[in-house]
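[1] just coords:
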(Lines give C-alpha, C1' and ligand atoms only; values in the text may rest on other atoms or scores of the structure.)
Protein backbone atom coordinates (compact mmCIF):
# COMPACT_ATOMS: atom_id res chain seq x y z
CA UNK A 1 0.00 0.00 0.00
CA UNK A 2 1.44 3.41 -1.00
CA UNK A 3 1.90 6.36 1.36
CA UNK A 4 -1.02 8.29 -0.16
CA UNK A 5 -3.43 5.37 0.24
CA UNK A 6 -2.23 4.84 3.82
CA UNK A 7 -2.94 8.50 4.57
CA UNK A 8 -6.38 8.27 3.00
CA UNK A 9 -7.26 5.11 4.93
CA UNK A 10 -6.20 6.77 8.19
CA UNK A 11 -8.38 9.80 7.39
CA UNK A 12 -11.46 7.70 6.61
CA UNK A 13 -13.01 6.47 9.84
CA UNK A 14 -16.80 6.92 9.60
CA UNK A 15 -19.74 5.47 7.69
CA UNK A 16 -20.36 6.40 4.06
CA UNK A 17 -24.05 7.30 4.42
CA UNK A 18 -25.04 10.90 3.76
CA UNK A 19 -25.56 13.11 6.82
CA UNK A 20 -29.02 14.35 7.67
CA UNK A 21 -30.15 17.23 5.47
CA UNK A 22 -27.95 16.36 2.50
CA UNK A 23 -29.17 15.33 -0.93
CA UNK A 24 -27.19 13.61 -3.64
CA UNK A 25 -27.22 14.12 -7.39
CA UNK A 26 -28.52 10.61 -8.21
CA UNK A 27 -26.71 10.28 -11.50
CA UNK A 28 -23.19 8.97 -10.89
CA UNK A 29 -20.40 10.64 -12.81
CA UNK A 30 -18.08 8.50 -14.90
CA UNK A 31 -15.14 9.46 -12.69
CA UNK A 32 -17.01 8.37 -9.56
CA UNK A 33 -17.88 5.03 -11.15
CA UNK A 34 -14.23 4.52 -12.03
CA UNK A 35 -13.13 5.22 -8.47
CA UNK A 36 -15.89 3.29 -6.69
CA UNK A 37 -13.60 0.41 -5.77
CA UNK A 38 -10.90 2.57 -4.23
CA UNK A 39 -10.47 4.06 -0.77
CA UNK A 40 -12.18 7.43 -0.73
CA UNK A 41 -12.14 10.40 1.58
CA UNK A 42 -15.27 12.37 2.33
CA UNK A 43 -14.24 15.85 1.19
CA UNK A 44 -16.23 19.03 1.71
CA UNK A 45 -15.49 21.70 -0.88
CA UNK A 46 -16.82 24.96 0.55
CA UNK A 47 -17.09 28.24 -1.36
CA UNK A 48 -18.36 31.10 0.76
CA UNK A 49 -20.34 33.12 -1.80
CA UNK A 50 -21.99 30.00 -3.24
CA UNK A 51 -23.03 28.94 0.27
CA UNK A 52 -24.78 32.27 0.83
CA UNK A 53 -21.99 33.99 2.74
CA UNK A 54 -21.19 37.70 2.53
CA UNK A 55 -24.83 38.72 2.80
CA UNK A 56 -26.26 35.72 1.01
CA UNK A 57 -26.90 37.62 -2.21
CA UNK A 58 -27.36 35.15 -5.06
CA UNK A 59 -26.76 37.51 -7.95
CA UNK A 60 -24.61 37.80 -11.07
CA UNK A 61 -21.77 39.87 -9.56
CA UNK A 62 -18.26 38.83 -10.50
CA UNK A 63 -17.33 37.66 -7.00
CA UNK A 64 -20.35 35.36 -6.84
CA UNK A 65 -19.84 34.10 -10.37
CA UNK A 66 -16.13 33.50 -9.91
CA UNK A 67 -16.82 31.75 -6.61
CA UNK A 68 -19.28 29.44 -8.32
CA UNK A 69 -16.75 28.70 -11.09
CA UNK A 70 -14.08 27.76 -8.52
CA UNK A 71 -16.54 25.61 -6.59
CA UNK A 72 -17.63 23.74 -9.71
CA UNK A 73 -14.03 23.15 -10.82
CA UNK A 74 -12.90 21.81 -7.43
CA UNK A 75 -15.96 19.58 -7.10
CA UNK A 76 -15.27 18.05 -10.51
CA UNK A 77 -11.64 17.40 -9.64
CA UNK A 78 -12.51 15.85 -6.27
CA UNK A 79 -15.00 13.53 -7.95
CA UNK A 80 -12.54 12.64 -10.69
CA UNK A 81 -10.00 11.73 -8.00
CA UNK A 82 -12.52 9.17 -6.71
CA UNK A 83 -13.58 10.84 -3.46
CA UNK A 84 -17.01 11.24 -1.90
CA UNK A 85 -17.73 14.95 -2.28
CA UNK A 86 -19.94 17.31 -0.28
CA UNK A 87 -20.78 20.98 -0.61
CA UNK A 88 -23.07 23.68 0.78
CA UNK A 89 -25.15 25.87 -1.54
CA UNK A 90 -27.38 28.89 -0.99
CA UNK A 91 -30.91 27.50 -1.42
CA UNK A 92 -31.80 30.40 -3.73
CA UNK A 93 -29.20 29.36 -6.32
CA UNK A 94 -30.49 27.31 -9.22
CA UNK A 95 -27.26 26.42 -10.98
CA UNK A 96 -26.32 22.84 -11.77
CA UNK A 97 -23.55 21.04 -9.91
CA UNK A 98 -21.47 18.08 -11.10
CA UNK A 99 -23.28 14.73 -10.93
CA UNK A 100 -22.33 12.63 -7.94
CA UNK A 101 -21.73 15.26 -5.25
CA UNK A 102 -23.82 15.53 -2.09
CA UNK A 103 -25.41 18.96 -1.65
CA UNK A 104 -26.95 20.63 1.39
CA UNK A 105 -29.04 23.73 0.76
CA UNK A 106 -28.30 26.57 3.17
CA UNK A 107 -30.71 29.24 4.39
CA UNK A 108 -29.74 32.90 4.34
CA UNK A 109 -27.26 33.85 7.06
CA UNK A 110 -26.32 30.26 7.96
CA UNK A 111 -23.28 29.68 5.74
CA UNK A 112 -20.65 29.67 8.51
CA UNK A 113 -22.76 27.70 10.98
CA UNK A 114 -23.63 25.12 8.31
CA UNK A 115 -19.91 24.82 7.54
CA UNK A 116 -19.17 24.10 11.21
CA UNK A 117 -21.97 21.54 11.46
CA UNK A 118 -20.83 19.64 8.40
CA UNK A 119 -17.24 19.35 9.59
CA UNK A 120 -18.48 16.46 11.75
CA UNK A 121 -19.53 14.54 8.63
CA UNK A 122 -16.37 14.72 6.51
CA UNK A 123 -12.72 13.68 6.59
CA UNK A 124 -11.20 16.67 4.80
CA UNK A 125 -12.18 20.20 3.86
CA UNK A 126 -11.16 22.64 1.12
CA UNK A 127 -12.32 26.14 2.13
CA UNK A 128 -12.54 28.88 -0.49
CA UNK A 129 -13.50 32.26 0.95
CA UNK A 130 -12.39 35.90 0.96
CA UNK A 131 -9.78 37.01 3.45
CA UNK A 132 -11.89 40.15 4.03
CA UNK A 133 -13.03 40.54 7.62
CA UNK A 134 -11.17 37.40 8.66
CA UNK A 135 -13.72 35.13 6.95
CA UNK A 136 -11.26 32.60 5.52
CA UNK A 137 -9.19 32.61 8.72
CA UNK A 138 -12.29 31.95 10.87
CA UNK A 139 -13.46 29.07 8.70
CA UNK A 140 -9.97 27.59 8.64
CA UNK A 141 -9.71 27.85 12.41
CA UNK A 142 -12.92 25.85 12.75
CA UNK A 143 -11.50 23.19 10.43
CA UNK A 144 -8.22 23.04 12.36
CA UNK A 145 -9.96 22.65 15.71
CA UNK A 146 -12.15 19.89 14.27
CA UNK A 147 -9.07 17.81 13.55
CA UNK A 148 -10.07 17.27 9.92
CA UNK A 149 -7.56 17.20 7.09
CA UNK A 150 -7.20 20.80 5.90
CA UNK A 151 -6.59 21.13 2.16
CA UNK A 152 -5.31 24.68 2.47
CA UNK A 153 -3.20 27.13 4.42
CA UNK A 154 -3.11 27.42 8.20
CA UNK A 155 -4.99 30.11 10.09
CA UNK A 156 -1.74 31.85 10.98
CA UNK A 157 -0.61 32.00 7.34
CA UNK A 158 -4.01 33.28 6.21
CA UNK A 159 -3.97 36.07 8.79
CA UNK A 160 -0.55 37.25 7.62
CA UNK A 161 -1.34 36.94 3.90
CA UNK A 162 -4.75 38.56 4.35
CA UNK A 163 -3.18 41.61 6.03
CA UNK A 164 -1.68 43.53 3.11
CA UNK A 165 0.59 45.56 5.39
CA UNK A 166 1.84 42.61 7.46
CA UNK A 167 2.42 40.46 4.37
CA UNK A 168 4.36 43.25 2.65
CA UNK A 169 6.70 43.48 5.66
CA UNK A 170 7.06 39.69 5.86
CA UNK A 171 7.89 39.42 2.15
CA UNK A 172 10.42 42.26 2.31
CA UNK A 173 12.11 40.64 5.31
CA UNK A 174 12.67 37.48 3.23
CA UNK A 175 14.26 39.14 0.25
CA UNK A 176 11.23 39.84 -1.92
CA UNK A 177 11.01 43.20 -3.66
CA UNK A 178 7.71 44.86 -2.74
CA UNK A 179 6.18 48.28 -3.47
CA UNK A 180 6.61 50.96 -0.82
CA UNK A 181 3.64 50.37 1.50
CA UNK A 182 2.25 52.20 4.54
CA UNK A 183 -0.91 52.43 6.59
CA UNK A 184 -3.20 55.18 5.32
CA UNK A 185 -3.47 58.06 6.06
CA UNK A 186 0.15 59.10 5.90
CA UNK A 187 1.67 62.17 4.23
CA UNK A 188 2.52 61.07 0.69
CA UNK A 189 5.91 62.80 0.82
CA UNK A 190 6.99 60.39 3.56
CA UNK A 191 6.72 57.49 1.10
CA UNK A 192 9.74 58.75 -0.86
CA UNK A 193 8.10 57.89 -4.17
CA UNK A 194 6.60 60.39 -6.64
CA UNK A 195 3.30 58.57 -7.26
CA UNK A 196 0.76 57.79 -8.51
CA UNK A 197 -0.36 55.57 -5.66
CA UNK A 198 -2.65 52.65 -5.02
CA UNK A 199 -5.15 52.88 -2.17
CA UNK A 200 -6.54 49.49 -1.14
CA UNK A 201 -8.24 47.89 1.87
CA UNK A 202 -5.74 46.44 4.32
CA UNK A 203 -7.82 43.26 4.20
CA UNK A 204 -9.56 42.70 0.90
CA UNK A 205 -10.25 40.34 -1.97
CA UNK A 206 -9.73 40.88 -5.68
CA UNK A 207 -9.84 44.50 -6.83
CA UNK A 208 -12.74 45.46 -4.58
CA UNK A 209 -12.33 48.98 -3.20
CA UNK A 210 -8.96 49.67 -4.86
CA UNK A 211 -8.09 53.12 -6.28
CA UNK A 212 -5.30 54.43 -8.51
CA UNK A 213 -4.72 58.11 -7.81
CA UNK A 214 -2.22 60.93 -8.06
CA UNK A 215 -3.97 62.69 -5.16
CA UNK A 216 -4.71 60.10 -2.44
CA UNK A 217 -5.91 62.75 0.01
CA UNK A 218 -8.77 63.55 -2.39
CA UNK A 219 -10.11 59.97 -2.39
CA UNK A 220 -13.01 59.18 -0.09
CA UNK A 221 -12.57 55.64 1.17
CA UNK A 222 -14.79 53.45 3.33
CA UNK A 223 -14.42 53.22 7.09
CA UNK A 224 -12.28 50.07 6.95
CA UNK A 225 -8.51 50.32 7.27
CA UNK A 226 -6.68 51.21 4.06
CA UNK A 227 -3.06 51.07 2.98
CA UNK A 228 -1.28 53.29 0.46
CA UNK A 229 1.11 51.60 -1.91
CA UNK A 230 3.52 52.68 -4.60
CA UNK A 231 2.11 52.07 -8.08
CA UNK A 232 4.49 49.92 -10.10
CA UNK A 233 3.96 50.02 -13.89
CA UNK A 234 4.55 46.75 -15.68
CA UNK A 235 2.85 43.47 -16.54
CA UNK A 236 0.31 42.33 -13.97
CA UNK A 237 1.00 38.66 -13.37
CA UNK A 238 0.60 35.87 -10.87
CA UNK A 239 2.33 32.63 -10.01
CA UNK A 240 0.18 29.63 -9.10
CA UNK A 241 1.82 27.08 -6.83
CA UNK A 242 1.03 24.25 -4.46
CA UNK A 243 2.91 24.52 -1.19
CA UNK A 244 3.64 21.63 1.17
CA UNK A 245 5.71 20.98 4.26
CA UNK A 246 8.47 19.34 2.26
CA UNK A 247 8.54 21.52 -0.82
CA UNK A 248 6.48 23.26 -3.45
CA UNK A 249 5.17 22.69 -6.95
CA UNK A 250 5.07 25.76 -9.19
CA UNK A 251 2.20 25.32 -11.62
CA UNK A 252 2.40 28.35 -13.90
CA UNK A 253 3.08 32.02 -14.43
CA UNK A 254 -0.14 33.77 -15.47
CA UNK A 255 -1.26 37.05 -16.99
CA UNK A 256 -3.81 39.17 -15.12
CA UNK A 257 -6.08 41.47 -17.12
CA UNK A 258 -6.27 44.65 -15.02
CA UNK A 259 -7.99 47.84 -16.15
CA UNK A 260 -7.40 51.25 -14.58
CA UNK A 261 -9.46 54.40 -14.37
CA UNK A 262 -9.85 56.04 -10.98
CA UNK A 263 -10.62 52.51 -9.78
CA UNK A 264 -8.82 49.23 -10.40
CA UNK A 265 -10.77 46.46 -12.16
CA UNK A 266 -9.91 42.78 -12.52
CA UNK A 267 -11.09 41.41 -15.86
CA UNK A 268 -9.74 37.87 -15.79
CA UNK A 269 -6.49 36.40 -17.04
CA UNK A 270 -4.62 33.97 -19.24
CA UNK A 271 -2.24 31.10 -18.62
CA UNK A 272 0.57 30.48 -19.17
CA UNK A 273 2.23 33.89 -19.54
CA UNK A 274 5.12 34.16 -22.00
CA UNK A 275 7.31 36.96 -20.64
CA UNK A 276 11.08 37.51 -20.48
CA UNK A 277 10.84 37.46 -16.67
CA UNK A 278 8.57 34.41 -16.38
CA UNK A 279 11.33 31.97 -15.44
CA UNK A 280 12.72 34.42 -12.88
CA UNK A 281 9.21 34.90 -11.47
CA UNK A 282 8.97 31.14 -10.94
CA UNK A 283 12.17 31.12 -8.90
CA UNK A 284 11.17 34.31 -7.07
CA UNK A 285 7.87 32.76 -5.99
CA UNK A 286 9.74 30.03 -4.15
CA UNK A 287 10.77 32.61 -1.52
CA UNK A 288 7.17 33.25 -0.51
CA UNK A 289 6.39 30.14 1.63
CA UNK A 290 9.41 30.91 3.83
CA UNK A 291 8.13 34.47 4.30
CA UNK A 292 4.67 33.29 5.34
CA UNK A 293 5.00 29.98 7.24
CA UNK A 294 1.99 27.71 7.02
CA UNK A 295 1.09 28.33 3.39
CA UNK A 296 -0.30 25.01 2.21
CA UNK A 297 -2.11 23.72 -0.83
CA UNK A 298 -2.99 26.07 -3.68
CA UNK A 299 -1.47 29.56 -3.40
CA UNK A 300 -1.70 32.49 -5.82
CA UNK A 301 1.07 35.10 -5.74
CA UNK A 302 0.29 38.43 -7.42
CA UNK A 303 3.26 40.17 -9.03
CA UNK A 304 4.22 42.97 -11.36
CA UNK A 305 6.90 42.10 -13.91
CA UNK A 306 8.99 44.91 -15.37
CA UNK A 307 11.78 44.56 -17.92
CA UNK A 308 14.29 43.55 -15.26
CA UNK A 309 12.57 43.47 -11.87
CA UNK A 310 9.84 41.55 -10.06
CA UNK A 311 7.60 43.05 -7.39
CA UNK A 312 5.45 40.83 -5.18
CA UNK A 313 2.14 42.64 -4.62
CA UNK A 314 0.20 40.21 -2.42
CA UNK A 315 -0.37 36.56 -1.62
CA UNK A 316 -3.68 34.70 -1.92
CA UNK A 317 -3.63 31.72 0.50
CA UNK A 318 -6.39 29.78 -1.27
CA UNK A 319 -7.70 28.63 -4.62
CA UNK A 320 -7.94 31.52 -7.09
CA UNK A 321 -9.79 31.91 -10.37
CA UNK A 322 -6.67 30.89 -12.28
CA UNK A 323 -7.31 27.33 -11.07
CA UNK A 324 -10.31 27.17 -13.43
CA UNK A 325 -8.13 27.92 -16.42
CA UNK A 326 -5.15 25.83 -15.38
CA UNK A 327 -7.13 22.63 -14.95
CA UNK A 328 -8.23 22.86 -18.60
CA UNK A 329 -4.65 22.59 -19.88
CA UNK A 330 -2.87 20.65 -17.11
CA UNK A 331 -1.91 17.01 -17.49
CA UNK A 332 -3.28 15.36 -14.36
CA UNK A 333 -5.73 16.29 -11.63
CA UNK A 334 -4.68 19.46 -9.77
CA UNK A 335 -6.43 18.32 -6.59
CA UNK A 336 -4.05 15.37 -6.22
CA UNK A 337 -0.97 17.47 -5.32
CA UNK A 338 -3.17 19.61 -3.05
CA UNK A 339 -4.10 16.47 -1.11
CA UNK A 340 -0.47 15.29 -1.18
CA UNK A 341 0.59 18.62 0.36
CA UNK A 342 -2.01 18.28 3.13
CA UNK A 343 -0.85 14.74 3.90
CA UNK A 344 2.76 15.85 4.09
CA UNK A 345 3.82 13.77 1.08
CA UNK A 346 6.52 14.73 -1.41
CA UNK A 347 5.15 16.75 -4.29
CA UNK A 348 5.81 15.93 -7.93
CA UNK A 349 8.60 17.94 -9.52
CA UNK A 350 6.57 19.66 -12.22
CA UNK A 351 3.27 19.72 -14.03
CA UNK A 352 2.92 19.83 -17.81
CA UNK A 353 0.58 22.22 -19.59
CA UNK A 354 -0.82 21.70 -23.08
CA UNK A 355 -1.60 24.93 -24.90
CA UNK A 356 -2.98 28.12 -23.39
CA UNK A 357 -6.29 29.38 -22.09
CA UNK A 358 -7.99 32.67 -21.22
CA UNK A 359 -10.73 33.31 -18.66
CA UNK A 360 -12.80 36.29 -17.64
CA UNK A 361 -13.56 37.62 -14.17
CA UNK A 362 -16.62 35.36 -13.91
CA UNK A 363 -14.63 32.21 -14.60
CA UNK A 364 -15.78 31.68 -18.17
CA UNK A 365 -13.11 29.92 -20.20
CA UNK A 366 -11.93 30.93 -23.69
CA UNK A 367 -9.43 28.72 -25.50
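    Sure, I can see it. Remember, predicted model here, so these are calculated numbers, not experimental data.

[2] looking at the sheet around residue 299, what are its partners?
    Residue 299 has these beta-bridge partners by DSSP bridges: residue 241.

[3] List the residues that contact it.
    Residues in contact with residue 299 (CB atoms under 8 Å, 6 or more residues apart in numbering) are 153, 240, 241, 242, 243, 288, 289, 315, 316, 317, 318. In short, each C-beta sits where N, CA and C put it, glycine included.

[4] again, only this time at 7 Å
    With contact taken as CB atoms under 7 Å, 6 or more residues apart in numbering, residue 299 is in contact with 241, 243, 315, 316, 317.

[5] Skip the chain neighbours and tell me the closest residue to the fourth one.
    Distances taken as CB to CB, 6 or more residues apart in numbering place residue 300 nearest to residue 316, at 3.9 Å, with adjacent residues excluded.

[6] Make a markdown table from the contacts of residue 299 and add neighbour count and pLDDT to it.
    Below are the contacts of residue 299 laid out as a markdown table (neighbours: other CB atoms under 10 Å; pLDDT from 0 to 100):
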| residue | neighbour count | pLDDT |
| --- | --- | --- |
| 241 | 23 | 98 |
| 243 | 27 | 97 |
| 315 | 30 | 97 |
| 316 | 24 | 97 |
| 317 | 30 | 98 |
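
[7] Now flag whichever of those is closest to residue 130.
    Set against residue 130, the nearest of the contacts of residue 299 by CB to CB is residue 316 (9.9 Å).

[8] roughly how far apart are that closest one and residue 239?
    In this view, residue 316 and residue 239 are 11 Å apart by CB to CB, to the nearest Å.

[9] My guess is residue 235 contacts residue 305. True?
    Yes: using CB atoms under 7 Å, residue 235 is in contact with residue 305, at 4.5 Å.

[10] list residues touching both of the two?
    Common neighbours of residue 235 and residue 305 are listed as residue 275 (criterion: CB under 7 Å, 6+ apart).

[11] So for those two, which sits in the more crowded spot?
    The neighbour count for residue 235 versus residue 305, taken as other CB atoms under 10 Å, is higher for residue 305 (23 against 18).

[12] Pull up the per-residue confidence for the more buried one.
    pLDDT recorded at residue 305 is 98.

[13] Quick check: the gap between it and residue 200.
    Using CB to CB, one gets 20 Å for the distance from residue 305 to residue 200.

[14] Would you mind finding the longest helix in the chain?
    helix 62-80 (DSSP state H).

[15] Now do the end-to-end distance for stretch 342-357.
    Start to finish, the residues bounding stretch 342-357 are 28 Å apart (CA to CA, to the nearest Å).

[16] For the residue nearest to residue 316, grab the count of nearby residues.
    Count around residue 300 with other CB under 10 Å applied: 22.

[17] Next one: it from residue 326, what distance?
    In terms of CB to CB, residue 300 sits 10 Å off from residue 326.

[18] Common neighbours of these two, please.
    Common contact partners of residue 300 and residue 326 (CB under 7 Å, 6+ apart): residue 240.

[19] rewinding a little: now do the contacts for the residue nearest to residue 316.
    By CB under 7 Å, 6+ apart, the neighbours of residue 300 are 238, 240, 316, 320, 322.

[20] now swap in residue 305 and tell me
    Applying CB under 7 Å, 6+ apart, we find residue 305 in contact with 234, 235, 237, 275, 277, 281.

[21] I'd like to know which of these are part of strands.
    235, 237 (DSSP state E).

[22] Return the two entries of the contacts of residue 305 that lie farthest from one another.
    234 and 281 (11.3 Å).

[23] between those two, which one's more packed in?
    Ranked by neighbour count (other CB under 10 Å), residue 234 and residue 281 place residue 281 first, with 22 against 15.

[24] Where do the domain boundaries of this protein fall?
    If you go by automatic domain parsing, the domain ranges for the chain are 3-151, 160-176+234-366, 181-230.

[25] Next up, the contacts around the nearest residue in space to residue 228 that is not next to it in sequence.
    Leaving out its chain neighbours, the residue that sits closest to residue 228 by CB to CB, 6+ apart is residue 184, at 4.4 Å. Neighbouring residues of residue 184 by CB under 7 Å, 6+ apart: 199, 226, 227, 228.

[26] Residue 256 now?
    Contact partners of residue 256, counting by CB under 7 Å, 6+ apart, are 236, 237, 238, 266, 269.
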